[in-house]
Structures are given as C-alpha cells and as structure tokens.
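*Asks:* Structure of the sequence below:
(4 chains)
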There are 4 protein chains.
Amino acid sequence: MRESGNFSFINGAHCSARFLVLFLLNLHFFLPQARPQAAPAQAPAATAAPTISAVTPSEAADKIGHELLARGIPGLAVAVALDGRIVYSRGFGYADLEERVPAWPATKFRIGSISKPLTATALMQLVEAGKVDLDAPIQKYVPSFPDKGAKITPRLVAGHLAGIRHYKGDEFQMQKHYDNVFDGLKIFQDDPLVAPPGTKFSYSSYGFNLLSAVIQSASGENFLAYMQAHVFDAQGLRGTTPDQNRSIIEQRSRFYSREKDQPVENSPYVDNSYKWAGGGFLSTAEDLVRFGSAMMQPGFLRADSLALLFTPQKTVDGKATNYGIGWFIRKSKSGKRVFEHSGGSVGGTSQLILYPDSHVVVALVCNYDGAPSWTAEDVETIGELFEKTPR
Amino acid sequence: MRESGNFSFINGAHCSARFLVLFLLNLHFFLPQARPQAAPAQAPAATAAPTISAVTPSEAADKIGHELLARGIPGLAVAVALDGRIVYSRGFGYADLEERVPAWPATKFRIGSISKPLTATALMQLVEAGKVDLDAPIQKYVPSFPDKGAKITPRLVAGHLAGIRHYKGDEFQMQKHYDNVFDGLKIFQDDPLVAPPGTKFSYSSYGFNLLSAVIQSASGENFLAYMQAHVFDAQGLRGTTPDQNRSIIEQRSRFYSREKDQPVENSPYVDNSYKWAGGGFLSTAEDLVRFGSAMMQPGFLRADSLALLFTPQKTVDGKATNYGIGWFIRKSKSGKRVFEHSGGSVGGTSQLILYPDSHVVVALVCNYDGAPSWTAEDVETIGELFEKTPR
Amino acid sequence: MRESGNFSFINGAHCSARFLVLFLLNLHFFLPQARPQAAPAQAPAATAAPTISAVTPSEAADKIGHELLARGIPGLAVAVALDGRIVYSRGFGYADLEERVPAWPATKFRIGSISKPLTATALMQLVEAGKVDLDAPIQKYVPSFPDKGAKITPRLVAGHLAGIRHYKGDEFQMQKHYDNVFDGLKIFQDDPLVAPPGTKFSYSSYGFNLLSAVIQSASGENFLAYMQAHVFDAQGLRGTTPDQNRSIIEQRSRFYSREKDQPVENSPYVDNSYKWAGGGFLSTAEDLVRFGSAMMQPGFLRADSLALLFTPQKTVDGKATNYGIGWFIRKSKSGKRVFEHSGGSVGGTSQLILYPDSHVVVALVCNYDGAPSWTAEDVETIGELFEKTPR
Amino acid sequence: MRESGNFSFINGAHCSARFLVLFLLNLHFFLPQARPQAAPAQAPAATAAPTISAVTPSEAADKIGHELLARGIPGLAVAVALDGRIVYSRGFGYADLEERVPAWPATKFRIGSISKPLTATALMQLVEAGKVDLDAPIQKYVPSFPDKGAKITPRLVAGHLAGIRHYKGDEFQMQKHYDNVFDGLKIFQDDPLVAPPGTKFSYSSYGFNLLSAVIQSASGENFLAYMQAHVFDAQGLRGTTPDQNRSIIEQRSRFYSREKDQPVENSPYVDNSYKWAGGGFLSTAEDLVRFGSAMMQPGFLRADSLALLFTPQKTVDGKATNYGIGWFIRKSKSGKRVFEHSGGSVGGTSQLILYPDSHVVVALVCNYDGAPSWTAEDVETIGELFEKTPR
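*Replies:* Numbers count the residues shown, from 1 in each chain, chains lettered A, B, ... in the order given. Here you go, the predicted model:
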C-alpha cells in the first residue's frame, strides 16, 4: 500500500503537491526569459561562486502568479513598485477566454472599490483648493440630499461613518445606465440611515456616490471629467477610466464568474454607472501601483492631506476604525503597517497594498469573482518579496 | 499491489498524480462549453437516468490535449475526421509565445515529413494521367541526375528503396534559400548510394526532393505551383502551403525548441526550401484529416492508385517493408491496421494516422521539437475515441 | 483657382492624391501572399506571355472585402464555395475592437435570420422522418398555441403566410433570458393575426419560434440539442451554435453599432434566447457556404425536400410569394436565379446566397448593424467572381 | 473642364469621393473613445459655448498615426511625454501581420541606433563613478584594440570623431551570433581608420561597439548585464532589452521589409548581437520618452554629464559637429532646438526627439524599413502638438 501513500498528501496537504506538479510542468515553459542571459564579463573576478539556487524576486512572483492562475482565475495582472519605480509587472492567463486574448500588464480590469481611494484623492484636492470643507453639512454641496435629522459631513461619509446604507438585494447586478452621478443618488438617498452619523463604521459604496456628487458640485465639473483630467491624467494613469459599457475601451478585460462546481462563464451583464465613485472604474495593475506610490509622498497631494487619508477615523465614542479617508489602515500578516483597499466587482476582484515603511506598493487585478481565488495574503507575499531586496 | 496496477500502464505512478492534479485545476476552467447545455425537452420520456459519469469523446480528447500541453509543448492542434467529416478539432496553448497568440484549429504548423504523402498524391495524379511511369529510370524525368550504375525508379524512391542518402551533418538546419527544386538536388545527387537500389529500406527525405523534380518535369509546372493548384487547392486544403520564410502567411505558428533543462526558446532559423517535397510544407490539423479522408476512398485518386499508396513495397529479395508510396503501413498499439506518417521539423512535430477499417483519421500538429512531447500512442488514443462511438 | 475648389472641402489638393497612393499601397500591403510565388518551371515552354494584368477572383474578392471594411464595418468574413468546395474564405478587420482581435474565417458572427433556413432544414428532416406533417394544424405539435379561428400549419408558418406578427416596440433588443423555446412563444402567441392565414406574405421571426416548438415537440428533443446534433454537427458546421451569452464560445465576435455621425460603439446588451429559430444562431462564413452547398444537392435532405425549400409558396388566391420554406427565391442583380437569406441582428448583419445554376454559394457575415454597410449586390459581385472561372 | 482634370488620373471622379468618405468614416471608426464623454455637470454655468470644432492634441496625433500607417508601415507606436509624464501613447496597425497581432504601446520594436544614446548613458555613469576617463587612450580599457598610430579616446569615439569605419558590404544583414562584445570588435578593429582621429565626423556604429567593450571592461560587468541593471531597470525601462533571437521576449514585434513595387514581406533573418551598443536594442515608444525625459534634467545623470551629452563636439580644427556624446543636436523644421537620434534596422525604423525648451519628448518606433515611411518632420509635428498646449 505504499504506492497509494504517495498520493495521500495530495488531497490533504494538496496544495504542496499541486504546486510541485505545476512547477515541474509549467515553469520551464511559461516563464519566458526576457532578460539577457548575461555571459560572464571579460576576466571575471575570482570571487565566490554565485549560489545556483538563487531565485530572484521576479521569478518568485512569477511563480505565485502562476499558482493563482491555476486556482481557476481566467486572467490576472500583478505589479509592484519600489520607491515609485515599477520593479515588477506581469499579466497571467487570459483577458478574454472566448478570443484567448492574453492578460497583459496593460489590460484594464474592474477594480471595484479601489475606485474609492481614487475618489478620495479628488476629494482631498478640492479640500486643498478650499472648495470642500470636510466638516460642512453634505447639503452644502448636494442640496437635494434629504436631511437625515443629523449632520452628515464629507469626512464621515469618506470614513463610512455617516450611516448611509450599502447595496441591498440585486443592486450589485444593476443593468440600468445612469448619465449623471446625481441620478444615482436616488437609489438610496431616501432610505433611513443604518446608524446615527459618527456612531458606527458601516461600509457603504453609496456613500462614495454621494462624495462624487460633492466633487461634481464643488468643482463645477462633471464628476467623470474631473476624475479623468485632475486625477487620472494628472497622475499619468493612462489605463484608468470609467467602465462605460458602450464606449470602445482598448485592452479592457472581459469578465468571468463561476457557480460552484460549474465551468467558468461570462459574467452576467451589469452597468456600473450607478457607482462610479465607489466601484465603477477600470484600471491596470501598473496604474494602481503608480497611484499608490504617488500617495506615499507629498507632491500630488500635500503632506497633511496624505496624513488624513491614512489616519484611522474614530467613532464619536473615540473608538478608532481601521479606515481613514478612502483607505483601510491595518497590519499585514507579517506584522507590517499597510494602507490598502480591495475591490469586488461582477467579474473582477482586486487588491492594492501600500507599505509606507518600505516604500513598496503592490497591486493585483483579475477578471473573476468566483472561488477559489487569490487572498490578500498572496498579494502581501508578492509585495514583500520586493522589500529591501536589491533586484 | 493491485492499487499500483491502476497506474502502471500510464508511465509510472507519478504520471497519474500529475494528471489528476491537472484535471482538478484546469478542466473546469479550460474547457469552455461551446455546446448548448441542452435543457430537457418538453415532456421528457420516463427513461432511465443518464449516466452521470458519461464523458464524450470530445471531452476525453480535450483532456488528452491538455495533458500533452502540460508536458511542455507550447502549442498544438488536434483534429479527427470520421467518414470524411470533421468530428473534433481543437487548438491548445500558444501559436506564438512572444505575442501569446493562441493555437487555433486554423494555425499552420510545420508538418515535416507529412509533406511526403502530399507529394505522393501528386506523383500518383501524374501516373493516372500517364505522365509518369513509376518504373522508368529517374533520368527520364530528371536527366541531370547522375547515373548511379543501377536503375533508380520513382517507385523505388517513393518507397525509400532507391538507396538515396538522408540528411547528414547540419543539413537539417540549413539556412540557404533554394529557388527551384532542381537546385536542391545538388545537395545529395553526387553522393554515393547507401545501398544498391531495391535492396534495403533506407529512409530519405532527399529521395522525395528527387520526386519533386520528377513532378515538375513531368507536369511542366513548377513543383510548388503544381502542388498548390492540383493537390492543395483541389482538395480544399486552404491551410496547406510551402513554408516560405519571406512571404506573409496568415496564422503561421512560430517555432520552439528546448535544450535539456533549459527554458523553451525560439527555434534556430532555418530555410526549408531545400526540401519542400520531403519536409517543407505547412498545414493544419484539419487539412491533414481532410487529406487523409480523401485518401481513404476513390475519388481524388483512383482505387488502384490508393492501393499502391498503401501496399508495402518489398525489397528485391521479397521482404516486405512497412512503407508503400509515401505512407507507412503498420498496426496501432491496439492492434488496428493504420496508414500513417509522422513529421519532424525544426520547431515542429506532427502525426497523421488513417484507420481504414473504421474510417477515422486523426492528426496532431505542434510547434515544438523538444522532449518530452506527445507520442504516436497518444495520437492513436485520441483517434480511437471516435471509432464507432456515436457522438 | 477653381480647380482647387473641388478639393477645398477636403483640406487642400494633396489629400485626394494621398488617398490614391494609400489605396495603391494598401492593396499591396494588406493582401498577404500565402500562395507561393511560383518560379517558372525548369525549361519553360515557348508559349505566349501571360497577361500581366490578370487579377484572380480571390484578389478581386480581397479588394471588395477591404472596400467594405473601409465603409466603417469593424469586422467581416466572406466565404465562397464552388461545387461544394470552399474556394475563397477571408476575414477582414476586427472581431473585437477593444482587444483588436482579428476577424478570421473561423470567427463566429450573429447571423440573425439566416437562422431560419437552418431551422427549416430541421423541419424538413422531421417531415422526411414522418414526424411532422406540413399541413397539420400547428396545435398537433404545440397544443398550447391558441386557436386563431383559422388553420395555421407548419407550411404556412415556414412561408410567412400564417399571419403571425413580427417584432414590435423594443422586442428586437430584449434582454430577458428564456430557458425553453415554449416560453418564448408567450411573447406573441396571444396577439391577433396580422392577416388571415394564407392570404398575405407577412415576414415573422416569431413564426420560426413557433416552428422551433414544433421541432422540439415532434422530435422529443430539446430544440437546441436537436439543432446541434442533427443539423449543425451532422453537417460538420463546427462554428454554428446558439448565441448563449453566458457560455464561453470560442472565437465569438463582439458586436458593434453606430448612431448617425457618432463613433462606433459596443452594441447594447441583448439576449437572443427568445428567438433561436428565427434569429439566434452564431455561425461563420465558411459554415454558411458549407450549409448552402449541402442544400444544393440531395444527400443531407432528399431531392423532394429541397424542391420544397426553394419553391415559392403561393397565397390562397394563387399569387406566388418570393419565399419557399425558410428561403427567399429571387434573381440577382445580374439576372441569375438565387436562393438566399439575409440576417439582421443587434451588432450583426449577414447574407447567404446560393446560385443553383453555377453551384456557387457565397456568404458574408459582419459584426455591425450601422450604416453605410455592405449591400446584397456587393455579396453577389463576390459570388459571381467565382462562377465558371477556373481558379 | 480643368477641374475634372484633377481627378482623371485616379480612376474616374467617384474614386476620390470614395476615399474622402473612407477617411471621414475611418476616423470616427478607428479612434476609439477611451475617454468618457463628459456629460455637462449639474447646473452648468452660463458661459460661452465650447468651440465644437476643437481637436485635442491626442486626436490630431491619432490622425497622423493613421496617416503614417496608411503609407504602408505594418505597425508603429508613438509616445509623447511632457514634463516627464506620458501624455500620449498609442499603437497603430500590426506588430505581427501573420497572426494579426496589434501594435500596442507595449510592443517592443528594433530601435537601431537609438541604442547609442542608451549606451552613452552607461558611459557617463562610469565617468561619474570615476571608472572611465573620456580622454584616456581606448586601449586603457580595451587593451586588445590595435594601436592606430594616433590616440583614440572614448570621447572621440562617442562623437563619431575617432575615424572608425561604419558597416560595409552585407554587414548590416549579419546572421552570425556573437556571445561577447569583445568578439564583435574583430569585425572592424583591424581595418584602417577612415580619417585621422579628431579630424572628421564620420558616423560609425562600430565605434559604439568599441564603447561597449570599454563599459564592460571598466565596470567589470558583462555589457548586456550592465545595461539591463544600471540603465534599463534603473530607469524603469521595462520594455527595453537586447534583441536576442533565441530568447522568448514578450510583445516583441515581427519585422517587415518591402522591395520596390512588391508586397510587404517578412524581413530577412539577421542576428544583431554584433552591434548591441550601436544598434541592437529593442524598446517601446513609452520607454524611449521615459528615457528622453530622464535625460532632460539632472537626477539619473548629473547636470555636467547631461551638458556633455548635448554639447556638439568639435573637430581638431575647431569646427562644431552636430553630435555630442550619443546624441545629435540640431533644430526642428519649425526652428526649435532639439536633441535627437534616429535608428534604422532590418525591419525597423525609429526616432526619438527631445525639446529641451518645452520639455516635450516624442518617440516613434515601427517595424518596417521600406519606403515610403514616416519622416522626422512627421515626428516633430506630433511632438509639437503637445508643446505648451493644455490637454
């Protein structure tokens, strides 16, 4: 019976066996060598022999990328920046299964709630410009928003402390198109608060829709036009744009879902125009790490603005949440301080993690909302490969 | 010990584990369902429940295709015809690793020596037209071919019985371009025979080059023009064409090689114009099974011509070879009668198998010349899935 | 200076010259030469020089294809068969503008109403099998269909003579999914007839939906399963399948529309499950000419069945329509007898033309429903290039 | 009637009209709108109407890109940076005609002699590090280089003033692979100088090969490894790498040529390993403008190093050349000061232009060496669209 013993670890500690096999089969093949096989220089110095088994951070990241792909994700892209420079960027699998289009670093994915930190950047620009007061009543900018009997401010909304409700029912799969962010407010604006403002962290994408109305009103520019000009273009985020269904958007991924024990399918049709600010943007892994890098040093925003983004807000009873303005603040599994946001969409899941202490930023974007998939720890593992390690 | 017996027929126990794992990981994902999930018809009959575990021949073939891919082959395509109709056709992996272009059923691969049965078809057309006498001295058609002191005939050459030598040295990697098939004869025509004509089966691609000169001379048409008009176009083989390096040939695969323990690389540059007839054509899996199907019943060629193709020639001492005119005749591993040819190229290996008793034809083409790769038995396994099995 | 007046609305006189150059350049450039540039054979005969200006039918068809593309169609494919063999097949432009995926001959397009002749084939198979009586009341097969006070028969429905209404309002852009063809009948079955049965030709896609219910009922098989097994697979139409939105369907085109003076956009989302039989299938240009070729000679259907398909039905007062069973019968612009069907979809238009006298079949499929586009005359011109012309 | 005379040479007057229409249509069609069509913000101010005819710099650049493509170039990419940020980047046409792979901004092209300014950057790094003395005899770093009877220095070589010869005969189409830059020196090192050092500007790619030997020797690192680590990776030029034929290099373009009045063909096979430093790198339009931007302000190199790059060297008789160290210095057609380099390869031509006064950098790369093609003026026109113009 020893023969079968060889297999017992497959479907207990199956992970290890799976990866072993995958590597043997795929690694030689799937890891093209874009880098030159440096021949030794003339007259090599008589130094110690290089360690043969050395694996570069990029090779290790490639390996993880292929592992994630093998879990059944159709396509994904990963990028890492160190000190503001992209040090790793790779696409894995397919952007489009029907046409078998590869996922490249330039492929645009649905980033879902990572739209929120992008929107928060616009909000802080307007605060810096004196056009938004974080503590004014929201009705100063959005007069049509119903009085809830308690003061709701941009700051509370941006920290998920205002009590505005989140999606309910089938709202996540909405197919209706909204031409203006003000129209999208009607979905939720007349519903009761889930808690009195300031008393409870209650995550709400609709809250960020309300912020988009604030931005449009305070800036005097259409929200999407504002974001494109002053946030995306201004930071050189050429692959970041609203997920407009009808527009031809180059290198936009297709979107995939899977029901339990079923094959992967095209995701159901949705129109994300009802939630641009909270979950409606497309982006690339490279753009996200560019954006994250810009948020780790004064320049695009002022130092005091950045501090606000990354300082946990507190409830009125003084309890700190783990959310500042558009960003979660927590520890990585390895105990390191991180600022991050994840995003879940129909046909997309994504993660952006900033390590303020090592100046690493890592992003993963994919075109899949099924299980099993990647975890935040996988993304942390990749990011931490590039910490302090000279490439 | 019966447990291990389950695995022993594969290739050692690790193989089974490999495939088990691959299936779990990949099958759901990689096998798109192009076919409708037929809902039960109105008023289903009260028959026995369908066997849940039923796997269609196409599903089983897909599974094998993915297994082959997992061995490290960059891209491959497989097609099966039954009774002259294509019942299975699928591409796997990549036609081009640099641009990550998928291998589709229409992808053109280097078919190497499967060029020989195509050339043999042209030869038999000219025999039927009375323009070639299989038993005339070769110099009747190619006066420039040196007298070897013994009669060399088209029939002997087509059966690898003429004693003409095969490649030597680096000739398999030739980079020189030849504009005319007569020029290519100079490579070998002055070399001594490897055996007196008729005495020994001695495989020679150069022999087929000599046949191409016979065809050009007897037909009065340029060999490539003859093949295109009278063999490829005339059979509707729209994806079959000479592998001309400079011409833009749509959906031509790129070519891959691998040295032991190294990553896959682009194959070294070669120019196959020195051996069109014996190993220089591109084709698709679909075209090969179309061609094979046309060779299994009178129509494109006459019945007596087909009989000649598939009857083993004999040496002068009466010993049968396993080769007719451009075709091997042998048994499959399962004991079935097959007519077949394989082909090895720089950056390509291929196999075409005809089952005259079940009217199945199966072809596999790939863009890789490294190891491990597919075996003839893999191809037979796929073909035999479609024998007598109602789809 | 009036000379320049001709050009003044362009941008100066050089413009016109530029485009001339572009055109000359583009033709050379965009027409890759997959065919060998046949060098003259050894010892060319002293015959008359070939006409240098000769343009092959394929070259002329390529030129037309590029002209159609230049009208603004994102992607299209054209195929021509002569005597049942494909003699021309080419894709032009893009199957997917966002990912810039080429339109290949294997690209699947929405064929719209060309679904009708495919459905008619199934109907006639069941007639041949004695399972459908073309003159029975429709309720024999679809008991749930309301009595309209006059006899409606499969024959009348298949000839658009039954008085069943066509789309109204936004029905062409339906987004609802129907799991069973019987459910789709509810859209129209309770509406009044547009004319008493037999009195008036009144084109109706819904009529063909009713036929799909007849086929499902008479065959005892789900309609889509029946079509796949007995019509598509049985004819080797490997690229023909229902346009199921959620399934991964390889090489399915994306779909494009354009409003007047606007850029091309992605077409609005639709679900064609409400009209499989009358307008819901995907196919390729190659499959359509294969299908058309099979309809021009007994074999797949019997001679008497084919005669029925292509004989114009008459109204009760004896006036011939120009429609048989699933096919239009008319003259080409050049005066030749043709059997044909066109198809219009959201994001697709298509045409299939059979020339029974010259055994030519031509099909054009594209991913666009805007204007300007191709016309039936363009398709006829291509088809007639291949009549009686030896390639 | 002289008006119609303008058209008579085309093909009848309708032709010109057709192309006008094509042009109008194509522009709408081929210029996808990745940017949101900004709806007016809530409560638009009563300001003057926007000028409807306004064309953005990006739209104008797209138009020029399509015009260049229409001249017959298979594929090209253009990027523009302003103040170090990429403000325009687009691919046109095909990276690979056989597989119809689009040219994306990430497509890697042969940049030919734009390899020289990249090599010059490495040289200046080593000067800054005190490892190279620009005025030392070249034999200090390359002892094997023959004494030419006059002092040859890195400075003279980098300014094409050393008298080293350029390609001769078929050297531009070399197929031999060189494993080390020292081996490549043997091609020319024993040939006589074309002029005494310092006396005459005489452009030489081989001179830069000699500089690569200097860099390898002075740095103690293999030249390619040095370039990758210290120039490409260090500047984040992730798409810049040696054009190694055998390595799998993702998104590498294929290469095209055309002989007069012939269709485009695949370029002849070459191996550029004999001239990495002077003409052997691959890059992207985006990487080139990133690199150019980094050369316009101190940071990556010191201010004094940059000054040396862009100061014309003089001959011994005091006459200024128009070349500094790896860069041409001249005026644009519009009279503006530019630093630039072009590059010609087998299957590639490219141009990189820096405007030091407006901080614009523009690059064009393509996969074609035939005529007609783009001109430096076309590239200047694109670059100058983005000068001082708010986007």
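*Asks:* drop to CA atoms for contacts and neighbour counts, all remaining ones
*Replies:* OK.
*Asks:* Show me where the stretch 51-200 of chain A has its helices.
*Replies:* With DSSP state H, counting those that start in this stretch as the criterion, the stretch 51-200 of chain A has helices at A:57-70, A:115-128, A:154-158, A:181-184.
*Asks:* okay if I get those as TSV plus mean neighbour count, distance to B:Ala303 and mean pLDDT?
*Replies:* Putting those into TSV (neighbours: other Cα atoms under 10 Å in any protein chain shown; distance: least, Cα to Cα, whole Å; pLDDT from 0 to 100) gives the following:
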stretch	mean neighbour count	distance to B:Ala303	mean pLDDT
helix A:57-70	20	51	96
helix A:115-128	23	71	98
helix A:154-158	27	82	98
helix A:181-184	20	75	94
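*Asks:* of all the ones you listed, which lies closest to chain B?
*Replies:* helix A:57-70 (6.0 Å; Cα to the nearest Cα).
*Asks:* wait, does the closest one contact chain D?
*Replies:* No - Helix A:57-70 stays clear of chain D (Cα under 8 Å from any Cα of the partner chain), getting no nearer than 12.5 Å.
*Asks:* Of the helices of the stretch 51-200 of chain A, which is nearest chain C?
*Replies:* helix A:57-70 (17.7 Å).
*Asks:* Next, work out how far apart A:Met296 and D:Met227 are.
*Replies:* To D:Met227, A:Met296 is 29 Å away according to Cα to Cα, to the nearest Å.
*Asks:* before we move on, the earlier item: mind checking the helices of the stretch 51-200 of chain A for the one nearest to B:Ala77?
*Replies:* Set against B:Ala77 and scored by Cα to Cα, the helices of the stretch 51-200 of chain A come closest in helix A:57-70, at 22.0 Å.
*Asks:* contacting residues around the nearest residue to A:Ser205 once chain neighbours are set aside?
*Replies:* Of all residues not flanking A:Ser205 in the chain, A:Gly278 sits nearest, at 4.7 Å (Cα to Cα, 6 or more residues apart in numbering or on different chains). Going by Cα atoms under 8 Å, 6 or more residues apart in numbering or on different chains, A:Gly278 touches A:Gly112, A:Ser113, A:Ile114, A:Ser115, A:Lys116, A:Thr119, A:Ser205, A:Tyr206, A:Gly207, A:Phe208, A:Asn209.
*Asks:* which SS class is A:Gly278?
*Replies:* Here A:Gly278 takes the helix state, with states given by DSSP: H, G, I helix; E, B strand; the rest coil.
*Asks:* ok, now how distant is it from chain C?
*Replies:* Counting by Cα to the nearest Cα, to the nearest Å, the gap from A:Gly278 to chain C is 24 Å.
*Asks:* Report pLDDT for that residue.
*Replies:* With respect to pLDDT, A:Gly278 scores 97.
*Asks:* Residues contacting stretch A:320-332, please?
*Replies:* Contacts of stretch A:320-332 (Cα under 8 Å, 6+ apart): A:116-120, A:155, A:158-160, A:201, A:308-315, A:337-341, A:377, A:380.
*Asks:* where are the low-confidence patches of chain A?
*Replies:* Scanning chain A with the threshold set as pLDDT under 70 gives A:1-54, A:389-391.
*Asks:* tell me which residues of stretch A:186-200 are tucked away?
*Replies:* By neighbour count on 16 or more other Cα atoms under 10 Å in any protein chain shown, the buried set for stretch A:186-200 is A:Phe188, A:Gln189, A:Leu193, A:Pro196, A:Pro197, A:Gly198, A:Thr199, A:Lys200.
*Asks:* For the stretch 251-391 of chain A, what lies in contact range of chain B?
*Replies:* A:Asp261, A:Gln262, A:Pro263, A:Val264.
*Asks:* Tell me which stretches of chain A form strands.
*Replies:* Ranges of strands in chain A, per DSSP state E, are A:75-82, A:85-96, A:101-102, A:109-110, A:241-242, A:256-257, A:265-266, A:281-283, A:328-331, A:337-345, A:348-355, A:360-366.
*Asks:* Any chance of these in TSV with mean neighbour count and distance to B:Glu128 as columns?
*Replies:* Output for the strands of chain A, formatted as TSV (neighbours: other Cα atoms under 10 Å in any protein chain shown; distance: least, Cα to Cα, whole Å):
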stretch	mean neighbour count	distance to B:Glu128
strand A:75-82	29	55
strand A:85-96	23	50
strand A:101-102	24	48
strand A:109-110	34	61
strand A:241-242	24	67
strand A:256-257	24	57
strand A:265-266	22	54
strand A:281-283	26	65
strand A:328-331	18	81
strand A:337-345	22	67
strand A:348-355	27	63
strand A:360-366	32	61
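*Asks:* Out of the ones you listed, which is closest to B:Val55?
*Replies:* B:Val55 sits nearest to strand A:265-266 of all the strands of chain A, at 20.2 Å, using Cα to Cα.
*Asks:* And stretch A:300-315, how far out from the chain middle?
*Replies:* Offset of stretch A:300-315 from its chain centre (Cα atoms, centre = their mean, to the nearest Å): 19 Å.
*Asks:* same check, this time on stretch A:134-141
*Replies:* Per Cα atoms, centre = their mean, the displacement of stretch A:134-141 from the mean C-alpha position of its chain is 28 Å.
*Asks:* If you tally nearby residues, what's the number for A:Gly335?
*Replies:* Residues lying near A:Gly335 (other Cα atoms under 10 Å in any protein chain shown) number 8.
*Asks:* Spatially nearest residue to A:Trp104, not counting backbone neighbours?
*Replies:* Nearest non-adjacent residue to A:Trp104 (Cα to Cα, 6+ apart): A:Gly91, at 4.4 Å.
*Asks:* dump the residue contacts of that neighbour.
*Replies:* Contact analysis of A:Gly91 by Cα under 8 Å, 6+ apart lists A:Gly75, A:Leu76, A:Ala77, A:Val78, A:Pro102, A:Ala103, A:Trp104, A:Pro105, A:Thr107.
*Asks:* Looking at the residues you listed, which one is closest to chain B?
*Replies:* Among the contacts of A:Gly91, A:Pro102 lies closest to chain B (Cα to the nearest Cα), at 6.2 Å.
*Asks:* who's in contact with A:Asp243?
*Replies:* By Cα under 8 Å, 6+ apart, the contact list for A:Asp243 reads A:Arg110, A:Asn272, A:Ser273, A:Gly280, A:Phe281, A:Leu282.
*Asks:* Could you export those residues to a markdown table, including columns for distance to C:Arg330?
*Replies:* A markdown table is the format used below for the contacts of A:Asp243 (distance: Cα to Cα, whole Å):
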| residue | distance to C:Arg330 |
| --- | --- |
| A:Arg110 | 50 |
| A:Asn272 | 48 |
| A:Ser273 | 48 |
| A:Gly280 | 51 |
| A:Phe281 | 52 |
| A:Leu282 | 50 |
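*Asks:* Return the residues of the stretch 51-200 of chain A in contact with chain B.
*Replies:* With Cα under 8 Å from any Cα as the criterion, the stretch 51-200 of chain A meets chain B at residues A:Ala70, A:Arg71, A:Gly72, A:Ile73, A:Pro74, A:Arg100, A:Val101, A:Pro102.
*Asks:* Now the two most distant members of those.
*Replies:* Farthest pair in those (Cα to Cα) is A:Arg71 and A:Val101. Separation: 19.0 Å.
*Asks:* Which residues of the stretch 201-350 of chain A lie near chain D?
*Replies:* Counting by Cα under 8 Å from any Cα, the stretch 201-350 of chain A sits next to chain D at A:216-217, A:220-225, A:228, A:233, A:235-236, A:241-242, A:244, A:247-250.
*Asks:* and chain C, which of those residues reach it?
*Replies:* Within the set of these, contact with chain C (Cα under 8 Å from any Cα) is found for A:Ser247, A:Ile248, A:Ile249, A:Glu250.
*Asks:* Name the nearest of the buried residues of stretch A:186-200 relative to chain B.
*Replies:* Using Cα to the nearest Cα, A:Phe188 comes nearest to chain B of the buried residues of stretch A:186-200, at 37.5 Å.
*Asks:* how close does that closest one sit to chain C?
*Replies:* With Cα to the nearest Cα as the criterion, A:Phe188 and chain C are 25 Å apart.
*Asks:* got it, and A:Phe328?
*Replies:* A:Phe328 is 33 Å from chain C, by Cα to the nearest Cα.
*Asks:* show me what contacts the nearest residue to A:Asp317 once chain neighbours are set aside?
*Replies:* Excluding the flanking residues, the one nearest A:Asp317 by Cα to Cα, 6+ apart is A:Thr199, at 7.2 Å. Going by Cα under 8 Å, 6+ apart, A:Thr199 touches A:Leu161, A:Thr315, A:Val316, A:Asp317.
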